[in-house]
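Q: what follows is a predicted structure for the sequence shown.
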Number of protein chains: 2
Amino acid sequence: MTFPTKTTSPLDPEELALIDAWWRAANYLSVGQIYLLDNPLLRRPLQPEDIKPRLLGHWGTTPGLNLIYAHLNRVIRQGELSAIYVTGPGHGGPGIVANTYLEGTYSEVYPRVGRDEEGLRRLFRQFSFPGGIPSHVAPETPGSINEGGELGYSLMHAYGAAFDNPDLLVACVIGDGEAESGPLAASWHSNKFLDPVHDGAVLPILHLNGYKIANPTILARIPEDELRSLMEGYGHTPYFVGGDDPEQVHQDLAGVLDEVVAEIRRIQDAAREGGETRRGKWPMIVLRTPKGWTGPGEVDGVAVEGTWRSHQVPLSGVHDNPEHLLQLERWLRSYRPGELFDEHGALNPEIAALAPVGEQRMSAHPATNGGSILIPLDLPDFRDYAVPVSSPATTSHEATRVLGSYLRDVIRANPDNFRLMGPDETASNRLSAVFEDTDRVWQGEIFSSDEDLAPTGRVMEVLSEHLCQGWLEGYLLTGRHGLFSSYEAFIYIVDSMVNQHAKWLKVSRGISWRAPVASLNYLLTSHVWRQDHNGFSHQDPGFIDHLVNKKAEIVRVYLPADANTLLSVADHCLRSRDYINLIVAGKQPGLSYLSMEEAVRHATRGIGIWDWAGTERLALERGEEATLPDVVLACAGDIPTLETLAAADLLRQHLPTLKVRVVNVVDLMRLQSEKEHPHGLSDAGFDAIFTPDRPVVFAYHGYPSLIHRLTYRRRNHANIHVRGFREEGTTTTPFDMVMLNELDRFSLVMEVIDRVPGLQGAVVSLRQEMEDNRLRARAYTRQHGEDDPEISGWSWPHATGEK
Amino acid sequence: MTFPTKTTSPLDPEELALIDAWWRAANYLSVGQIYLLDNPLLRRPLQPEDIKPRLLGHWGTTPGLNLIYAHLNRVIRQGELSAIYVTGPGHGGPGIVANTYLEGTYSEVYPRVGRDEEGLRRLFRQFSFPGGIPSHVAPETPGSINEGGELGYSLMHAYGAAFDNPDLLVACVIGDGEAESGPLAASWHSNKFLDPVHDGAVLPILHLNGYKIANPTILARIPEDELRSLMEGYGHTPYFVGGDDPEQVHQDLAGVLDEVVAEIRRIQDAAREGGETRRGKWPMIVLRTPKGWTGPGEVDGVAVEGTWRSHQVPLSGVHDNPEHLLQLERWLRSYRPGELFDEHGALNPEIAALAPVGEQRMSAHPATNGGSILIPLDLPDFRDYAVPVSSPATTSHEATRVLGSYLRDVIRANPDNFRLMGPDETASNRLSAVFEDTDRVWQGEIFSSDEDLAPTGRVMEVLSEHLCQGWLEGYLLTGRHGLFSSYEAFIYIVDSMVNQHAKWLKVSRGISWRAPVASLNYLLTSHVWRQDHNGFSHQDPGFIDHLVNKKAEIVRVYLPADANTLLSVADHCLRSRDYINLIVAGKQPGLSYLSMEEAVRHATRGIGIWDWAGTERLALERGEEATLPDVVLACAGDIPTLETLAAADLLRQHLPTLKVRVVNVVDLMRLQSEKEHPHGLSDAGFDAIFTPDRPVVFAYHGYPSLIHRLTYRRRNHANIHVRGFREEGTTTTPFDMVMLNELDRFSLVMEVIDRVPGLQGAVVSLRQEMEDNRLRARAYTRQHGEDDPEISGWSWPHATGEK
């Protein structure tokens, strides 16, 4: 295989020697981190006691990461670039830590790891060591916005960072292992969403070291013409560099980097000054170097360098095998540490001078500590978008459509600081008001018949939840704001990404120099109860359960029951920091219950007794003494709220003396104990709402088990009976859906009859009537193909003629 | 844009007319399903009462699906092919239902939908109708193995179906929306894993109709040379067909299909007979036709055909708007139903003759009802792989390595019926014994230095959990068996796919003609407690929680604590049908507790009292009366079991009169009530094990909340105190990990002290000793970088010198 490059020797001998020295220094520090407890400068021959007891880390990818880092520094200084480094193969943690240490940043944020021998000792010791730092490019690593522990997200994070950062160059190293993953494979098309005028540039560097843990990689083993076609097919101009002779690779990589930086400038200039509107073929680099390059060539007679065997720790017998120990020492000395560090352990100043200065260092770039440059959103007053609600449950609104107008003005007021992501569902989710002010970003061909497409815009739509999530994460972690709106059932697609982001936030919160970033906000709509055009595959409310496993300090879940409550919740979420906020709200017309003022109060409390909907007040008005209600009807979510109110109304009509309390939950975490979640109600507060001992019939949006899980330590838990989604669904009518899952008003009334002591025997006929209603509803639906408005319709005056 | 094809008019006029008639018939039936309640043959002018009250479905993709179906039938008959149809845009349900009806299969499996006017009426009415069929290509649809509700999995399912089916051609239609998703983007490289000798062929047909719900698609708007490069980069030879003149498209598509079928044969012949070992450039088709083709061109003056506006139901005003109703009637009549169906509503025999016969019909192909051709695995006796355990907790084994030998022989005995999937982790997960008998499938270049790679093999490794999952699903649904081994934390990547598979199984169980398929088996290892080389990103046990939300009849979760139990569980799972089985087991050396015989008994019961580990027996031996224990120590998972046994041992040493019961749980679903899960213990059975009122300290592998969730209805629930993963992790030692999460033996003992009434005051010093042990362990680890074997080591004789 040949590696044709256009330039030959852009580095003069001195530059070449220095860049190679940086590379050797980074490699030396990487190997040191994996192996050494002590003796960091090899002042004495290595002894077994210098070696860590547990040898953990990933050497294989590291020399490549170090090589690229060194060369990027050269072009950053040369071109005065503003650049950051996204490390796809984040397992190569020791390499990135090494470079940030060489740049000085590491000692600035962690002063105890100084730029001297003791600092080196600590740098080595702490790596993958109990009480030290993890083995990956984690939040602890300055300059990182991508851990790269779970693979696949580097390139989408890179694009997220580049959006609305016109001066930024995001270099993104993609491992050939990672490149096999679905999310990464989809990411290449992100270039169709990058505006060369207002966004920065992404430089993908596909690093083919040929192997994963135990296997070759696909892209390293397809013919080079196929790989070239693939990259061209993705819309890139690929530049190939590779080899195993350091000197030649240094020259070739330097030459290619000069070229691609110039090419990026050309594309940007053409768009920014030349008015070019055709999408440019952005450059990318294919770098092919041996896995574990410069490490042990053979160990115990078996090839290691250039094979999968160098993936983790190539010499594992150093504790007991003197030959291995000697080989390790030779390996470390091959980097000639004496030329790199002075007698005190400080980096040779000539080499240190290769690093850019201050915030130009990729490890100190403010974008990689997004919270430090976060500009709060300029938010319009959400109250201005309120729908009028003079009495509850009499008028209908599409909650997300109302929110759309608010979001339109959020976008208007924050033209380069907020993005709305969605998998082709912004209009379907009825947020189309945003298109009054902005467009969907689209760098592809635009036809005259298209609507709301433009090369620049605030809305990003692509049929990949992975891309929406990854772009947004990159955007947030570099100090901006956003909202991801999705069909409820398909947000599971990003479960694993959410895990990783939650872990990132959790760890970041414990790192003093990392400033809080804007929360990751989800709006889930087209939810389980209203999948009218689809069916069972689109019916799944369990993402809430997934989130609730995350650290309590990170997660917030909101189920606003109407439009005004949604507005209040959305405003709250957009102001918050370092959380994952989940909002579930319907897009179909639904009753409004609360005026704006009431909604703010209700959303702020997160849970409340809806006095007007229950009958406790009526009993008081009748002059009865204040006692506990006979039953509590609780609800969370728009459809469960509707069914609960209709059930309460039925109870009022049929059992006027039954004291019914209606409780609505907006903030699901209020149900948990205050010991477990910062939003949790105290036990006394919980008892005050749910009573210590009365039956509670809880109509919940999702899987019933979650309500039990959140409340199982509460005094009254044994009396809480939850209805929710029981994994029964298909393409059917809205009321048939709640019937299938026994969440309908009739089932709720029957549950009340069965649970309130003494009631069951007394109202046999009412229970039968409810059963009959279910049968009638079902028969009507089966016959007519739609719900019987006489049975499933409900609004306040319909029932009582009064408020 | 031009659509160059090499042939001009392969269809003679009669063939052309007939194939067009089939297409019109399928389109007619599709529109009928979306709109009509009655009047299926348009015997009278359409009236509003002929129209369904709710208009649901997706027209946009349907005519393209119908076109391809018709043309595939032609080449199936012509070439006597064995072919199936995988519908990526599964939203186009009415189209596939229409074709299966035209083929006669639909009426065979659903006799009430006959091939006459009444049958047509029922066919139309049932679609997206309460009590009818869903709107997608669901399990109810004959010939389907891919619902296509959640997009992204068609091509991986297609490959899964083709593996080990050398005579099968899997035509896979990929929508241009779906093509944007990550899983689909990764799927293209599946051709590097397809053996042309022993596997069948996959023909990807990328259908560019240009639009998603409300947006153009990426692949429809990149220049054709980019698209060509992309497909060539994926290793395909693309054939382009397209246009909007039916006659020309018929001719072109027929010509291209003739060519690609011949090309597939050439590749197969070259490999099978010519000994060709280089990977062939398999053909694929890019078909570009208008979205909603043949539907209303304009509605209310706005373009619909050929735009995103035809995505769902193009004419929505038919109930109230006479013009719309008329337009619908014109649309339906444009297919000239009078030429297609006879006066009784039966398909014109000349057109019907276009369908292949019997099992050659794609809708009746046995592979699409995999259970019907399922050959049970020939399983070796797992007892032959047992490790000797003469006394519990004295010897160590790597459980997955032991399993590896068993799996090797499963593979040996079932050379074309079983596959092992893994994201590059088979060796890392210590299943390498399988490579004694087989290889990893690899159609890329193979170097002499490579190990265990071959063009054919039973192990499939790719760094994409999506591909592993999708291939396996396709393989299982077409009647074969398999196991997916993965790192525990990253199996979340396929959460959403698991949802969809669970839904498929749930629905299939209710369809009489669908025979049970082999279960989907997961082996999760490299689990949360032993992520030695990695860290927090790799620590997450919550996939169990995800699964438990699925229908109880589908899901089984096993946590074998040692090697022999794992063998027994694995054998059981491989024999089961229609389940999703999850096995979590460690790969690191761990103590063995049970002999093979004991393990079989224990695994069969799923839960049991480990008499030898508790002190109840000792009390009896001392002559005490049989009473309830003072405390129950329960455990599930290998590491929690170790810590629990060590805690029991500490208690025995320090509190010899305390009656301790040790309970180990293998089958997690035993904890749930028998009312909720078929494996659930009765309340009496639960009480017999966990007592009605004694404290239970439960050490659990995953998030503690799950144990509460499974047991909250049990009498003794208030006394169950669970320790598990609390989302605390990093790169550290094994014992430090359990310490971080307070799952260690010392914490368990302290919990016992705190929970057993009367104990706390009595043993202040013991509690302090446990605290001190924790501090000592922590200090040792922080200083030495490894666990103190004096503190964290444990085995039975170490504690008591006896069994």
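A: Yep, it's here.
Q: chain B contacts on the stretch 51-200 of chain A?
A: Selection of the stretch 51-200 of chain A residues close to chain B by C-beta under 8 Å from any C-beta of the partner chain yields A:52-54, A:56-58, A:91, A:125, A:128-136, A:138, A:147, A:149-152, A:177-178, A:180-189, A:192. Any C-beta I mention is one placed from the backbone N, CA and C, and that applies to glycine too.
Q: sec struct for residue A:775, please.
A: Classification of residue A:775 by DSSP: H, G, I helix; E, B strand; the rest coil places it in helix.
Q: count of residues packed around it?
A: By the measure other C-beta atoms under 10 Å in any protein chain shown, the count of residues near residue A:775 is 12.
Q: out of the residues of the stretch 51-200 of chain A next to chain B, which are buried?
A: The neighbour-count test (16 or more other C-beta atoms under 10 Å in any protein chain shown) applied to these identifies A:52, A:54, A:56-58, A:91, A:125, A:128-130, A:132-136, A:138, A:147, A:149-152, A:177-178, A:180-189, A:192 as buried.
Q: restricted to helices, list those residues.
A: A:125, A:182, A:183, A:184, A:185, A:186, A:187 (DSSP state H).
Q: for the residues you listed, work out which two are farthest apart.
A: Comparing all pairs in those by C-beta to C-beta, the longest separation belongs to A:125 and A:186, at 40.2 Å.
Q: state which helix of chain A is the longest.
A: helix A:246-272.
Q: now for that one, which elements pack on it?
A: Helix A:246-272 makes packing contacts with helix A:13-35, helix A:62-79, strand A:201-208, strand A:237-242, strand A:283-288 when contacts are defined by 3 or more C-beta pairs under 8 Å, 6 or more residues apart in numbering or on different chains; DSSP states H and E.
Q: where are the low-confidence patches of chain A?
A: A:1-7, A:797-803 (pLDDT under 70).
Q: at 80 what do you get?
A: A:1-8, A:796-803 (pLDDT under 80).
Q: quick one: residue A:447 and residue B:211, what's the gap?
A: Distance from residue A:447 to residue B:211, counting by C-beta to C-beta, to the nearest Å: 11 Å.
Q: comparing these two, which shows the higher neighbour count?
A: residue B:211 (25 against 12).
Q: residue contacts, that one?
A: Residue B:211 sits next to B:60, B:177, B:217, B:220, B:291, B:307, B:308, B:311 when contact means C-beta atoms under 8 Å, 6 or more residues apart in numbering or on different chains.
Q: now do 10 Å
A: For residue B:211, the contact set (C-beta atoms under 10 Å, 6 or more residues apart in numbering or on different chains) comprises A:424, A:450, B:60-61, B:176-177, B:217, B:220, B:290-292, B:306-311.
Q: who's residue A:667 bridged to?
A: Following DSSP bridges, residue A:667 is listed with bridge partners residue A:558.
Q: residue A:570: what secondary structure?
A: Strictly by three-state DSSP, residue A:570 counts as helix.
Q: tell me if I'm right that it and residue A:410 touch.
A: Yes: when contacts are counted by C-beta atoms under 10 Å, residue A:570 is listed as touching residue A:410 (8.8 Å).
Q: which neighbours do the two share?
A: A:379, A:382, A:403, A:483.
Q: in strands only, show me those residues.
A: Mapping the shared contacts of residue A:570 and residue A:410 onto strands (DSSP state E) picks out residue A:483.
Q: relative to residue B:233, how far out is whichever residue of the stretch 301-450 of chain A sits closest to chain B?
A: In the stretch 301-450 of chain A, the residue that lies nearest chain B is residue A:444 (3.4 Å; C-beta to the nearest C-beta). According to C-beta to C-beta, residue A:444 stands 19 Å off from residue B:233.
Q: alright, that wraps it up for me.
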